[in-house]
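Student: Sequence first, then the predicted structure:
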Amino acid sequence: MGSDAKQLRNRIKSVDSTMHLTRAMGLVASSKIRRATEAMAKSRRYAEAFSRAVDILAASNECKKSPYLRQSDTARTRLVVIAGDRGLAGGYNANVFRMLREYPDASVIPIGKKACDKLHGKLYSAEHFTPEEASQLARVLCDDFAAGEYDRLGILYTGYVSVMTQETKVKWVLPLERKDDVKGTGMIFEPDEMTVLGYAVSEYVTGLLVAAVRESFASEVAARRCAMDAADKNAQIMIDELSLAYNRARQGAITQELIEIVAGSGS
């Protein structure tokens, strides 16, 4: 058998080995999707409930002078950037870093091993990010904002639309926005709205951080499953094409041997 056929056979073995790996990674991602989306849904509900309470407080006249409603003519931006812990998830991480380039002057706090490695921040795991870590980070972010260290806070993350679709975006968190359509509900805040808002903002930011990280992680595993499914299909196509080329090369080698045998017998 010719050297071309041997090379094709080795290539088929190599692609087949890679296909087994991509299938295994796809199965792992599939097993994580359900838990990830359930955790995402719970954190979404919590963040939405806390957001409504903060909207009511921010709309009250008593909170107009809160430092968390401070508007500034400058735009010193701080971004919490959430990427994945691993690669091989299609364009998931690349899309996050591409959007980050739109904010070249922002100070950055990364979450996720890929973001921490690229942006040289404290190591936070996206998959294992805890509410305690979120609470500690939120207190620092809120204290720095109240002290005038920066003017606006955003969370750059990947929103989960479906298993097939994820959307990279920025959610602006601070300063709080006074919404005209928020009406009083008859709630009485003790000791007063300003004091309650001061305590609530940190919990509000904590909830948003947890929700964004869990949504990003759900997006990451969904993107990885889609990427591994695509890789598996491409590998199978490649194996089919290589197998066809191998069979042709093998057939050509056998034909050549027969021709040489026949030619030798007739001489």
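Tutor: Right, received. Where do you want to start?
Student: which residue ranges form the strands in this protein?
Tutor: Defined through DSSP state E, the strands belonging to the chain, from first to last, are 77-82, 107-111, 152-160, 166-174.
Student: could I get the ones you listed as a markdown table with mean pLDDT?
Tutor: Shown next, in a markdown table, are those (pLDDT from 0 to 100):
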| stretch | mean pLDDT |
| --- | --- |
| strand 77-82 | 96 |
| strand 107-111 | 95 |
| strand 152-160 | 95 |
| strand 166-174 | 94 |
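Student: So for E62, which of those sits nearest?
Tutor: Evaluated with C-beta to C-beta, the strands of the chain place strand 166-174 nearest to E62, the distance being 18.9 Å. For every residue, glycine as well, the C-beta is placed using N, CA and C.
Student: What are the buried residues along the closest one?
Tutor: Of the residues in strand 166-174, those buried under the neighbour-count criterion (16 or more other C-beta atoms under 10 Å) are Q166, T168, V170, V173, L174.
Student: quick revisit: can you redo the strands of the chain as JSON lines with distance to R34?
Tutor: What follows is the strands of the chain, written out as JSON lines (distance: least, C-beta to C-beta, whole Å):
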{"stretch": "strand 77-82", "distance to R34": "21"}
{"stretch": "strand 107-111", "distance to R34": "23"}
{"stretch": "strand 152-160", "distance to R34": "13"}
{"stretch": "strand 166-174", "distance to R34": "16"}
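Student: among those strands, which is nearest K64?
Tutor: Comparing the strands of the chain against K64 with C-beta to C-beta, the closest turns out to be strand 166-174 (15.8 Å).
Student: Mind telling me which residue is nearest the centre of this structure?
Tutor: In the chain, the C-alpha nearest the mean C-alpha coordinate belongs to S216, at 3.9 Å (C-alpha atoms, centre = their mean).
Student: in the protein, which spans are helices?
Tutor: Counting by DSSP state H, one finds helices in the chain at the ranges 3-59, 92-100, 113-119, 131-146, 193-265.
Student: I'd like to know which of these is closest to R78.
Tutor: Closest to R78 of the helices of the chain is helix 131-146 (C-beta to C-beta; 7.1 Å).
Student: Let me see the mean pLDDT of the closest one.
Tutor: Helix 131-146 shows an average pLDDT of 94 in the prediction.
Student: who wins for proximity to A47 among the strands of the chain?
Tutor: Of all the strands of the chain, the one in closest proximity to A47, counting by C-beta to C-beta, is strand 166-174 (9.9 Å).
Student: about what we covered before: closest one of the buried residues of strand 166-174 to S135?
Tutor: V173 (14.8 Å).
Student: show me what contacts the closest one?
Tutor: Applying C-beta atoms under 8 Å, 6 or more residues apart in numbering, one finds that V173 lies in contact with L153, G154, I155, V205, L208.
Student: got a winner among the residues you listed for most neighbours?
Tutor: Counting neighbours by other C-beta atoms under 10 Å, the top entry in the contacts of V173 is V205, with 28 neighbours.
Student: And the pLDDT for that one?
Tutor: Predicted confidence (pLDDT) for V205: 95.
Student: how close does it get to D143?
Tutor: 11 Å (C-beta to C-beta, to the nearest Å).
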